[in-house]
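**Student:** Prediction below, plus the sequence it came from.
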2 protein chains.
Amino acid sequence: MFYICTENINTMNSLTEENYLKAIYKLVDGEKVAVTTNAIAEKMNTKAASVTDMLKKLSDKKLINYEKYYGVKLTAKGEKIALNIIRKHRLWEMFLVEKLEFGWDEVHELAEQLEHINSEKLVAQIDKFLDYPKVDPHGDPIPDSNGKLQIQKSALLSTFKKNEVCMMTGVVDHSPSFLQYLAKTELTLGSSIRISDINDFDRSLQIAIGKGKPFFISNEVAKNILASVK
Amino acid sequence: MFYICTENINTMNSLTEENYLKAIYKLVDGEKVAVTTNAIAEKMNTKAASVTDMLKKLSDKKLINYEKYYGVKLTAKGEKIALNIIRKHRLWEMFLVEKLEFGWDEVHELAEQLEHINSEKLVAQIDKFLDYPKVDPHGDPIPDSNGKLQIQKSALLSTFKKNEVCMMTGVVDHSPSFLQYLAKTELTLGSSIRISDINDFDRSLQIAIGKGKPFFISNEVAKNILASVK
DNA sequence: AATATTTTTTAGACTAGACTAAATTTTATT
DNA sequence: AATAAAATTTAGTCTAGTCTAAAAAATATT
């Protein structure tokens, strides 16, 4: 059963409130479990006591369902707001990479600022300007203006078998250091990857991109690359 | 005598501090007089008492010279920060109009948000993307990255004489209603204007744009249009 | 020059959001 | 089941920025 939120989400929420909603959304991550106070505190780089205060506030605003000592879930409205922020974040990242020559490892922090700019028209125009992209520079799906998210079915590169061919669709680790490492290889979104060998010793892979010559990647790297069968 | 600020202006200032500095800069407007507390309060839509508090704070940070009961002036550093915000504001306005199909009457509010985004690279790239514009969509000059402002020598359209030809370079009134009025005429930045007649009765003007046919504008309108001799 | 008016500042209070320390509730361990 | 440990909440404090009301200084008026 699905509830779709038709409420107007463009009531003013503070920057802090928006960041809490986003953090809760990311901690839920598809699962139906309630999010704990400590988990939010860690994600927000703040203390549990501060989180409790904010949870009361968000609960009063009907953006989360909050039960003392139990945890929180987003309401339909809260989730829609969170998805709208994520939409803006990913569209801005795409804009920075596609139009302003930013590297995919340097857009995150800046998008954290830009995602809070409040203007429906701006978002719509950026979307149009980019020709309605479906994923951001890291392969993460961009929610549509109704907060609908296209779920992409991808698996970790580490789960593919020898000689299989797949296409890189995203990354798990978004850290600049990992993205910078990838930039040194030929591994980018859309790369056609063939697993030419798997080494039993350390589970490292030998892969080839397109018709290029094979090279090694560690199992650690393979576990942070998303790919879909062709 | 001119003092050029070579200090790093990228120390963090709050959004509120930035808005105060901008307000003070705009109130000084080239003149050397000190700005009064009440004037700032009015511009910031706040109360004089709140302004006094902030002036102390900005004074402690060496961004303004503040003497009790006398008024304030920006220090070189304060002025540089203000100009940097104005630079960002005008570049964003230009971006919205040139790239995202915004009208010149609807960009101001949005640019008020965008001007506080903190990223040197972003500003540099937007500037480059727009091919280093010298003026914003309203004809206001865009300060360069050192905070230098190209002063444009323009006069009010109401000061020109009969049969003179000039080019529209800007507007005095930036309100959406005035800009929307102009959009209904052919008066835009760069328009070649010939004063075909001046009516003694109400000081209204008959003007022609390029080779178009003449039409009337009130003196009130003429007083809000900037133009330079060809 | 004395008084009235306006402007500005001070003093004290409020809100959002954060913190520490203490209290409470839940969960884990014996 | 009793107790220990961990998680969470409460209570009280702090800062930034705002406010009102009162005090002080500057300006204007008689």
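**Tutor:** Everything's here; your move.
**Student:** What's the per-residue pLDDT of the most centrally placed residue in chain A here?
**Tutor:** Compute the mean C-alpha point of chain A, and by C-alpha atoms, centre = their mean the closest residue is residue A:140, 5.2 Å away. Looking at residue A:140, its pLDDT reads 94.
**Student:** Tell me which strands the helix or strand containing residue A:169 pairs with, and in which orientation.
**Tutor:** Counting by DSSP states H and E, the element that carries residue A:169 is strand A:165-171. Strand A:165-171 has the following strand partners under DSSP bridges: strand A:192-198 (antiparallel), strand A:225-229 (antiparallel).
**Student:** mind saving the C-alpha coords of the shortest one as CSV?
**Tutor:** This means strand A:225-229. Taking only C-alpha atoms (Å, rounded to 0.1, in the frame of the first residue of the first chain), the coordinates of strand A:225-229 have been written out as CSV:
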residue,chain,number,x,y,z
ILE,A,225,31.1,0.0,-8.2
LEU,A,226,27.6,-0.6,-9.3
ALA,A,227,26.9,-2.3,-12.7
SER,A,228,24.0,-3.8,-14.6
VAL,A,229,24.0,-6.7,-16.9
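**Student:** Pull the residues that contact that strand.
**Tutor:** A:139, A:152-158, A:160, A:164-172, A:187, A:193 (C-beta atoms under 8 Å, 6 or more residues apart in numbering or on different chains). Bear in mind the C-beta positions are built from the backbone N, C-alpha and C, glycine included.
**Student:** burial measure for residue A:29, as a count.
**Tutor:** 8 (other C-beta atoms under 10 Å in any protein chain shown).
**Student:** For it, give me the pLDDT.
**Tutor:** Model confidence at residue A:29, given as pLDDT, is 76.
**Student:** how near is it to residue A:149?
**Tutor:** As judged by C-beta to C-beta, to the nearest Å, residue A:29 and residue A:149 stand 12 Å apart.
**Student:** any idea of the pLDDT on the residue located most distally from the centre of chain A?
**Tutor:** Most distant from the centre of chain A: residue A:201, at 32.4 Å, with distances by C-alpha atoms, centre = their mean. At residue A:201 the predicted local confidence, pLDDT, stands at 93.
**Student:** residues in contact with it?
**Tutor:** With contacts defined as C-beta under 8 Å, 6+ apart, residue A:201 is in contact with no residue.
**Student:** so it, which of the three states?
**Tutor:** coil (DSSP: H, G, I helix; E, B strand; the rest coil).
**Student:** distance of it from chain B?
**Tutor:** According to C-beta to the nearest C-beta, to the nearest Å, residue A:201 stands 43 Å off from chain B.
**Student:** What of residue A:95?
**Tutor:** As judged by C-beta to the nearest C-beta, residue A:95 and chain B stand 10 Å apart.
**Student:** Can you list the residue ranges for strands in chain A?
**Tutor:** A:64-67, A:71-74, A:155-156, A:165-171, A:192-198, A:205-209, A:215-217, A:225-229 (DSSP state E).
**Student:** Which among these is found nearest to residue B:123?
**Tutor:** strand A:165-171 (28.2 Å; C-beta to C-beta).
**Student:** Helices of chain A, start to end?
**Tutor:** With DSSP state H applied, chain A shows helices at A:15-28, A:37-44, A:48-60, A:76-99, A:108-114, A:120-129, A:176-184, A:219-222, listed in chain order.
**Student:** if we look at the shortest one, which residues are touching it?
**Tutor:** If you take C-beta under 8 Å, 6+ apart as the criterion, helix A:219-222 is touched by A:156, A:157, A:158, A:181, A:202, A:203, A:204, A:205.
**Student:** ok, and what's touching stretch A:63-71?
**Tutor:** By C-beta under 8 Å, 6+ apart, the list of residues contacting stretch A:63-71 reads A:13, A:17, A:21, A:24, A:33-37, A:55-56, A:58-59, A:72-75, A:77-78, A:81.
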